[in-house]
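K.L.:
Take this sequence and fold it.
(one chain, ligands or ions: 1)
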Amino acid sequence: MDINALRQITYGLYVVGTSDNGRPTGCIINTCFQVTSENPIVAISMNKNNYTHDAILRHRRFSLAILAEESDASLITTFGFQCGRDRNKYEGRDYSWQHDTPVLKGKFAGHIICELLHVADNETHDVFFARVIDTLPDDGTPMTYAYYHQVIKGRAPKNAPTYVAEPETPNTPETPRPQSTKRYVCEVCGYIHEGELTDDFKCPVCQAPRSCFKEI
Ligand SMILES: Cc1cc2nc3c(=O)[nH]c(=O)nc-3n(C[C@H](O)[C@H](O)[C@H](O)COP(=O)(O)O)c2cc1C
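P.N.:
Numbers count the residues shown, from 1 in each chain. From the prediction side, this is the model:
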C-alpha cells in the first residue's frame, strides 16, 4: 500500500502533561482532535509504551499545551525523545499546576485541560477521549506538523502514530549520490546526516550522541 496519502493528513503539535503521583510528566503528541462541540470532547492517540500513557490512565487528567512556532524548540527534544519514567522533564522549566495538571509557561498557542472519559484500544496505541474542563488562551501561531518537518527539520520517533521508517537503501538509481558523501541515520529519532561525523557530534533534533548514528 502506498502510504503517501496518509502523509497529507495535517496535524498540530502538543505537549500532553499529567501528574505522576504528584510529579509532572508528559510527552509530545501530534494526534489531537476535537470530537464534539458542545461541552467539548477531544481525543489523543497515545502509544502504550509511553510512560505518559500509563500516567494518564492513573491520574485521569491531562493538560495540552498547543505548541506555537515561537515555542522553545527544546521542548520537542525533551518531551518528544526522552522518557519520563526515570527523569523529570519539567525540571528547569517554568510551569504551574492548574486543575491538578502541569501547565507550561512560555509562548504557546493556548492550553486545554482535560478529564479522561474513556479509552479505545487500537493495537499499539490507545485513543483517550477526554472532556475539556478548562482552557487558557495564548496568542502564539500554532505550530503545524508540516512546519515541524520543513522548518525545524524534525522527524517522528518510533512511538509516534505517524512514524515512517527510513528505507534501508534510500539511494535510488534515478538520484545517484556521490560515493564520497556518507549518510548516517540517528537511531533515536531518524534524523539523517550527510557527511562525516565528528566524535563529539550530537543529533540536532534529539541530542543523541555520535554512538547512536548508523551509516546507511
Ligand atoms: C513530532 C512528534 C510527534 C509525536 N506524536 C506522538 C503521538 O501522537 N502519540 C504518542 O504516543 N507519541 C508521540 N510521540 C512520541 C513521544 O513523544 C515519545 O515517545 C516520548 O519520548 C514519550 O515520552 P514518555 O515515555 O515520557 O511518555 C511524538 C514525538 C514527536 C517528536
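
K.L.:
which residues of this protein fall in helices?
P.N.:
51-59, 74-81, 145-150 (DSSP state H).

K.L.:
In CSV, list these along with distance to Tyr191, mean neighbour count and mean pLDDT.
P.N.:
Just so you know, the C-beta spots here come from the backbone N, C-alpha and C atoms, and that holds for glycine as well. Shown next, in CSV, are those (distance: least, CB to CB, whole Å; neighbours: other CB atoms under 10 Å; pLDDT from 0 to 100):
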stretch, distance to Tyr191, mean neighbour count, mean pLDDT
helix 51-59, 22, 20, 98
helix 74-81, 10, 20, 91
helix 145-150, 11, 16, 89
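
K.L.:
now these in a markdown table, with distance to Asn88?
P.N.:
Listed next are the helices of the chain as a markdown table, based on distance: least, CB to CB, whole Å:
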| stretch | distance to Asn88 |
| --- | --- |
| helix 51-59 | 12 |
| helix 74-81 | 10 |
| helix 145-150 | 24 |
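
K.L.:
Looking at these, which is nearest to Val188?
P.N.:
helix 74-81 (6.1 Å; CB to CB).

K.L.:
so what secondary structure elements neighbour the closest one?
P.N.:
strand 23-29 (3 or more CB pairs under 8 Å, 6 or more residues apart in numbering; DSSP states H and E).

K.L.:
in its sheet, what does the strand it packs on sit against?
P.N.:
strand 14-20 (antiparallel) (DSSP bridges).

K.L.:
For the partner strand, what is the distance to the chain centroid?
P.N.:
Centre-to-centre, strand 14-20 and its host chain are 11 Å apart (CA atoms, centre = their mean, to the nearest Å).
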